[in-house]
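this one's sequence-less:
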């Protein structure tokens, strides 16, 4: 149903390094750069860390001459959609969007906050804003020993921010103020689950398995990673 819906779009543009299940529906595919050509600050897997830490990874490889960064391409698309045209000043648009976001969050302190991060653009500016305003940040100068992007860049191995700290019930937003392990929507469904368990097992059951060479479809379009013997085998 989703593929059929995408095919009905008047126009679709994608940004990717190869044709895949989604971009095959696009009218235009703009080539993105290699992940090795982009800076990286992890915000996903750090949630699984056993200690609080921060680490910035600069680009490992230089971008080819004339190749824009991915964020610059996305901003140019924003300019086109917004009626400014493909030749819009991307730096000015980046400044404009950052100023609007800071004004919404910082209010009367927006000018001071923008001056504090004025040396950065694009993702680096957003990252510096997040680090400075976070629980370990320098609060834009109020905490001189706090975290900011410049300090993080000076520590290529990252900065250890200490052991994990208890956050419950501080971060909970449930009506009860507790971790609600038995909400009514789950309890009401237990009867259906129990009925399923009481049914006799069928003779043949198909169970989905994660394949090493697929990895949530990430590797489907990279022959060097997906190659190997035929894996469509019933076990």
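Structure's in. What do you need? Here the structure is a predicted model, which means the values were calculated and not measured.

now the residue sitting furthest away from the middle of the chain: how far from residue 190?
Distance from the centre of the chain peaks at residue 200, with 43.4 Å (CA atoms, centre = their mean). Residue 200 sits 20 Å away from residue 190, going by CB to CB, to the nearest Å. Every residue, glycine included, has its C-beta placed from N, CA and C.

same thing with residue 41?
Using CB to CB, residue 41 is found at 42 Å from residue 190.

and if you look at residue 79?
In this structure, residue 79 and residue 190 are 53 Å apart, going by CB to CB.

higher neighbour count, the two?
Using other CB atoms under 10 Å as the criterion, residue 79 and residue 190 rank with residue 79 on top: 18 against 10.

can you confirm the more buried one is in a helix?
Yes - when DSSP: H, G, I helix; E, B strand; the rest coil is applied, residue 79 is found to be in a helix.

my read: it touches residue 88, true?
Yes - Residue 79 is within contact range of residue 88, at 3.6 Å (criterion: CB atoms under 8 Å).

where does the residue lying closest to residue 23 once chain neighbours are set aside land in three-state SS?
What sits nearest to residue 23 in space, not counting adjacent residues and going by CB to CB, 6 or more residues apart in numbering, is residue 14, at 4.1 Å. Put simply, residue 14 is strand when judged by three-state DSSP.

residue 14 contacts residue 22, correct?
Yes - contact status for residue 14 versus residue 22: in contact at 6.8 Å, counting by CB under 8 Å.

mind checking how far residue 32 is from residue 53?
28 Å.

top helix in the protein by residue count?
The longest helix of the chain (DSSP state H) is helix 90-106.

what is the next helix or strand after that one packed up against?
Using DSSP states H and E, the next helix or strand after helix 90-106 towards the C-terminus is helix 110-116. Packing contacts for helix 110-116, counted by 3 or more CB pairs under 8 Å, 6 or more residues apart in numbering; DSSP states H and E, involve helix 90-106.

contacts for the helix it packs on, please.
72, 75-76, 78-79, 84, 110, 112-114, 117, 121-122, 125-126, 129 (CB atoms under 8 Å, 6 or more residues apart in numbering).

helices along the protein, start to end?
Using DSSP H, helices in the chain cover 2-7, 70-81, 90-106, 110-116, 122-133, 149-153, 184-187, 190-198, 223-226.

among those, which is nearest residue 26?
helix 2-7 (8.4 Å; CB to CB).

what's in contact with that closest one?
12, 21-22, 25.

show me what counts as buried in stretch 92-111.
Under the neighbour-count criterion of 16 or more other CB atoms under 10 Å, stretch 92-111 has 93-94, 98, 102, 106, 110 buried.

farthest pair within those?
93 and 106 (20.0 Å).

who's more crowded, residue 32 and residue 53?
Comparing residue 32 with residue 53 by other CB under 10 Å, the one with more neighbours is residue 32, at 19 against 15.
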